[in-house]
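Trainee: here is my input, please return the structure:
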Amino acid sequence: MVRNLCLGMLCAVTAMSCAQNPVAGNEHLYYGIDTANKIIVCHEEVLSAITEGNDLVFGSSKYQLVSPLSGFSSQERYVVMKEKDTFSLYITSMPIIKLTASDTIVDEPKRMAHFSFASASESYDGAIGIELRGNSALRYPKKSYDLELRKDATSEESVDFTFGDLREDDDWILNSIYNEPLKLRSYFSTKLWLDLYAPSYLDKEPDAKSYSDVMFAEVFLNDTYEGLYLLSEQVDRKLLDLKKSKGDTVRGELFKAVGYADNTSFKGVSEFNNAFPRWEGFEVKYPYEDYVAHYDNLHAFITFVSTSTDEEFTENIEAYLDVDNAIDYFLFINLLRGTDNISKNYFLAKYKQNEPYFFVPWDLDGVLGIIQDGKRIPTTNDILTNALFDRLYATNAAGYKTKLKERWQTLRNGVYGDKALHERIDKTYRLLDDTKLYQRDALMWERVHTITADYKYLTEWLQQRLLYLDTVFIDY
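Mentor: Here you go, the predicted model:
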């Protein structure tokens, strides 16, 4: 059992051992039983260890299959009995996460709880600090959570762990994806950006990522099945491998656009005060120590965009902005039609001093024909922009128009190709549908549309969006 992970070599050895045989001794982590709703979700990795003839042995309890079987499939629902109670049994290949909290989980502060994770490649069992996360997501009945792995149940000391192909870290997000009709838009968008864009400084920082990676997981909270979630990395200095500050010298920087403002849309600039973590729509993420922010460089950047002459803008924009990254971000948000991601819900990062800022996406749920609350918005014939992208287009700084047109054509021949995009969506959709994840998530949370209708809407919307964008960007 992987408990109370320590740092250094012992942690590395423990993780390796866990990866070699994660099930042995941890069978209880590989299934969840919701007695109130009569749902059992069991990971396929543990089936051979808990099956006895026609019985499944979960801990000290036996559940009998109603119909004898020669094997199990994740594409079927099985009926099992415990005494007079009838349960629906589902087999999954997804990681199973179990949360146990004796205190009510609130927005702030983090409350101590217990956390376990079980997959084909590793298992984890230990203490966490947990709190609710999100803004509008706080209103949803299915909650999202911010997690911090802790050394033990009485300590606030954090520990790192690696889940699947995600990075080694202590801070994690559990996204409920409650507002996503098909539960795949955030996953699709995240994986797409990671495939198309890599940090420009990757040769110097080979472990740097361009966005927070995700994986699907099935979640139980206090033995109640909560359905399908996304386990996600956090966007922070460590993920992007930005340079740490040295003494009083600020090197790497990271800011999050958390609200609509002239600053975040580059329309204008206001005065700032480094005594506060927020400044007119922006929130500092790094560096922020001893209650001191560092908005000086960001203020200079926005001031330059909003007040410089066309000649100044054309000559100097590349000192402030990674234009190639900006083009990729502009095309990406317009492909998705992320209405909430052009003047808000993005990060601006700087690798080190005297380097340009670059965009990092964030909160990619209100995309591909829906808005943030999951409602359909069928518009496909518009371009999302802000004052920065308008100036790049108007001045054609750094050969912006030609670069954008050529980049669109390159992407359309690759990851943005009709076949590539539809196959990417279809693969995830089939995984969730064929393994009955939609079915069991819907047992807990009401649906507005049918799955097939949602899928038809999404794929038809995307095809119309691509047709429109081709007509626009071909003439850029």
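Trainee: stretch 246-264: end-to-end distance?
Mentor: Start-to-end span of stretch 246-264 (CA to CA, to the nearest Å) is 28 Å.
Trainee: ok, residues contacting that stretch?
Mentor: Residues outside stretch 246-264 that contact it (CB atoms under 8 Å, 6 or more residues apart in numbering) are 235-237, 240, 242-245, 268-270, 278-287, 294-295, 297-298, 302, 306, 343-353, 357, 362. Glycine gets a C-beta too; all of them are placed from N, C-alpha and C.
Trainee: what comes up buried for it?
Mentor: 250-259, 261-264 (16 or more other CB atoms under 10 Å).
Trainee: tell me where this protein has helices.
Mentor: Remark: helices assigned in the chain by DSSP state H are 9-20, 47-50, 185-196, 237-240, 296-307, 310-320, 323-336, 387-395, 400-412, 418-434, 437-444, 451-473.
Trainee: a markdown table for these, including distance to residue 379, mean pLDDT and mean neighbour count?
Mentor: As requested, those are exported to a markdown table (distance: least, CB to CB, whole Å; pLDDT from 0 to 100; neighbours: other CB atoms under 10 Å):
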| stretch | distance to residue 379 | mean pLDDT | mean neighbour count |
| --- | --- | --- | --- |
| helix 9-20 | 46 | 38 | 14 |
| helix 47-50 | 47 | 95 | 14 |
| helix 185-196 | 16 | 98 | 20 |
| helix 237-240 | 32 | 98 | 20 |
| helix 296-307 | 27 | 98 | 18 |
| helix 310-320 | 30 | 98 | 15 |
| helix 323-336 | 12 | 98 | 21 |
| helix 387-395 | 19 | 98 | 18 |
| helix 400-412 | 20 | 98 | 17 |
| helix 418-434 | 18 | 98 | 15 |
| helix 437-444 | 26 | 95 | 18 |
| helix 451-473 | 9 | 97 | 16 |
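Trainee: now the contacts of stretch 246-264: which count as buried?
Mentor: 235, 237, 240, 242-243, 245, 269, 279-287, 294-295, 297-298, 302, 306, 343-351, 357, 362.
Trainee: domain assignment for the protein?
Mentor: Domain assignment for the chain by automatic domain parsing gives 29-90, 96-237, 245-412.
Trainee: closest to residue 427 out of these?
Mentor: Taking CB to CB, domain 96-237 is the member of the domains of the chain nearest to residue 427, at 9.6 Å.
Trainee: would you work out how far apart the start and end of the closest one are?
Mentor: Domain 96-237 has an end-to-end distance of 28 Å (criterion: CA to CA).
Trainee: ok, now stretch 213-228?
Mentor: 17 Å.
Trainee: now do the buried residues in it.
Mentor: Neighbour counts over stretch 213-228 (16+ other CB under 10 Å) mark 213-221, 225-228 as buried.
Trainee: how much space separates the closest residue to residue 34 other than its chain neighbours from residue 166?
Mentor: Nearest residue to residue 34, sequence neighbours excluded (CB to CB, 6 or more residues apart in numbering): residue 225, at 4.1 Å. Distance, residue 225 to residue 166, by CB to CB, to the nearest Å: 23 Å.
Trainee: that older thread, nearest to residue 454, of the domains of the chain?
Mentor: Nearest of the domains of the chain to residue 454, taken as CB to CB: domain 96-237 at 4.4 Å.
Trainee: about what we covered before: the residue nearest to residue 34 touches residue 37, doesn't it?
Mentor: Yes: counting by CB atoms under 8 Å, residue 37 is a contact partner of residue 225 at 6.1 Å.
Trainee: anything in contact with each of those two?
Mentor: Jointly contacting residue 225 and residue 37 under the rule CB under 8 Å, 6+ apart are 443, 444.
Trainee: for the residue nearest to residue 34, give the beta-bridge partners.
Mentor: According to DSSP bridges, the residues that bridge with residue 225 are residue 220.
Trainee: so what's it up against?
Mentor: With contact taken as CB under 8 Å, 6+ apart, residue 225 is in contact with 32, 34, 37, 39, 41, 218, 219, 440, 443, 444.
Trainee: possible to save the residues you listed as CSV with distance to residue 453?
Mentor: Listed next are the contacts of residue 225 as CSV, based on distance: CB to CB, whole Å:
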residue, distance to residue 453
32, 30
34, 28
37, 26
39, 25
41, 26
218, 24
219, 26
440, 19
443, 19
444, 20
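Trainee: excluding sequence neighbours, find me the nearest residue to residue 256.
Mentor: Closest residue to residue 256 apart from its sequence neighbours, by CB to CB, 6+ apart: residue 283 at 4.8 Å.
Trainee: can you put the buried residues of stretch 213-228 in JSON lines and add distance to residue 103 and pLDDT?
Mentor: Rendered in JSON lines, the data for these read as follows (distance: CB to CB, whole Å; pLDDT from 0 to 100):
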{"residue": "213", "distance to residue 103": "30", "pLDDT": "98"}
{"residue": "214", "distance to residue 103": "27", "pLDDT": "98"}
{"residue": "215", "distance to residue 103": "27", "pLDDT": "98"}
{"residue": "216", "distance to residue 103": "27", "pLDDT": "98"}
{"residue": "217", "distance to residue 103": "23", "pLDDT": "98"}
{"residue": "218", "distance to residue 103": "23", "pLDDT": "98"}
{"residue": "219", "distance to residue 103": "18", "pLDDT": "98"}
{"residue": "220", "distance to residue 103": "17", "pLDDT": "98"}
{"residue": "221", "distance to residue 103": "13", "pLDDT": "98"}
{"residue": "225", "distance to residue 103": "21", "pLDDT": "98"}
{"residue": "226", "distance to residue 103": "17", "pLDDT": "98"}
{"residue": "227", "distance to residue 103": "22", "pLDDT": "97"}
{"residue": "228", "distance to residue 103": "25", "pLDDT": "98"}
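Trainee: wait, isn't residue 371 in contact with residue 338?
Mentor: No: the criterion here is CB under 8 Å, and residue 371 misses it with residue 338 at 9.8 Å.
Trainee: which one's more surrounded, those two?
Mentor: Counted by other CB atoms under 10 Å, residue 371 and residue 338 do not tie: residue 338 has more neighbours, with 26 against 16.
Trainee: so how far is residue 45 from the spatially closest residue to that one that is not a sequence neighbour?
Mentor: Excluding its sequence neighbours, the residue lying closest to residue 338 (CB to CB, 6+ apart) is residue 367, at 4.7 Å. Look at residue 367 and residue 45: by CB to CB, they are 33 Å apart.
Trainee: report the two of the buried residues of stretch 246-264 separated the most.
Mentor: Greatest spacing in these, by CB to CB: 251 and 262 (27.7 Å).
Trainee: what residues are up against residue 437?
Mentor: Counting by CB under 8 Å, 6+ apart, residue 437 touches 92, 94, 183, 216, 218, 228, 431.
Trainee: can you put those in CSV and add distance to residue 375?
Mentor: Formatted as CSV, the contacts of residue 437 follow (distance: CB to CB, whole Å):
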residue, distance to residue 375
92, 30
94, 27
183, 16
216, 24
218, 26
228, 20
431, 25
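Trainee: of those residues, which is the nearest to residue 108?
Mentor: residue 228 (25.8 Å).
Trainee: that closest one contacts residue 183, doesn't it?
Mentor: Yes: with contact defined as CB under 8 Å, residue 228 reaches residue 183; the gap is 5.5 Å.
Trainee: now for these two: what residues contact both?
Mentor: Contacts common to residue 228 and residue 183, judged by CB under 8 Å, 6+ apart, are 177, 432, 437, 441.
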